[in-house]
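Asker: Model the following, please.
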Amino acid sequence: MSDAAPGRPPAPGDALPPLRIPITRTLIVSGAVASRDYQDVHHDAEAARAKGSPDIFMNILTTNGLVGRYLTDHFGPGTVLRKVAIRLGAPNHPGDTMELTGTVTEADGAAVQVRVVGANGLGHHVTGTVTLTVPVTGGSAAP
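Answerer: Now for the predicted structure:
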């Protein structure tokens with residue numbers, strides 16, 4: 001549950017509700033294909049194992065898209081991502097679940113910065129900050 005009150009603009013310290021995303025083979029492969037990342041470690045389990053991974057794993061572009069989805073789902077479709085600065089850590093493998101969480105770190109009217117963490121069974125898959133512009137309604141940002 002979000003700390004932000006309905007109709008109140010985002011404020012530093014507001015926590016976004018978590019989003020749990022099941023990591024499936026289909027999600028990993030389709031994300032790689034959609035982003036034209038044809039590296040075998042994103043679709044061929046044998047090749048991934050030969051390169052030291054226990055299975056295929058998600059690419060950064062898919063993770064980037066999921067982080068964007070998390071924020072636009074929360075702040076609304078009029079949200080504009082201005083800067084996405086993320087780092088990958090533990091890989092997302094099929095069968096795991098990634099839980100995205102976020103905390104507003106800065107807010108000045110429609111300009112908002114959110115610290116995002118995506119964790120799975122191995123640890124932090126993604127960490128970073130996203131700067132965005134949120135829709136403004138009647139002088140306050142939309143919830």
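Asker: If you rank every helix and strand of the chain by mean pLDDT, what lands last?
Answerer: Lowest mean confidence among the helices and strands of the chain (mean pLDDT, DSSP states H and E): strand 140-141, at a mean of 46.
Asker: what helix or strand does Ala48 sit in?
Answerer: Using DSSP states H and E, Ala48 maps to helix 45-50.
Asker: from what I can see Val67 touches Val116, true?
Answerer: Yes - between Val67 and Val116 there is a contact under Cβ atoms under 8 Å: 5.6 Å. Just so you know, the C-beta spots here come from the backbone N, C-alpha and C atoms, and that holds for glycine as well.
Asker: hey, what's in contact with both of those two?
Answerer: 86, 100, 126, 128, 130 (Cβ atoms under 8 Å, 6 or more residues apart in numbering).
Asker: Next, format the residues you listed as CSV and append neighbour count, distance to Asn92 and pLDDT.
Answerer: Output for these, formatted as CSV (neighbours: other Cβ atoms under 10 Å; distance: Cβ to Cβ, whole Å; pLDDT from 0 to 100):
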residue, neighbour count, distance to Asn92, pLDDT
Ile86, 17, 13, 98
Leu100, 24, 11, 98
Val126, 23, 9, 98
Gly128, 18, 15, 98
Val130, 23, 18, 98
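Asker: any chance of these in a markdown table, plus distance to Thr72?
Answerer: Listed next are the shared contacts of Val67 and Val116 as a markdown table, based on distance: Cβ to Cβ, whole Å:
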| residue | distance to Thr72 |
| --- | --- |
| Ile86 | 15 |
| Leu100 | 12 |
| Val126 | 16 |
| Gly128 | 16 |
| Val130 | 10 |
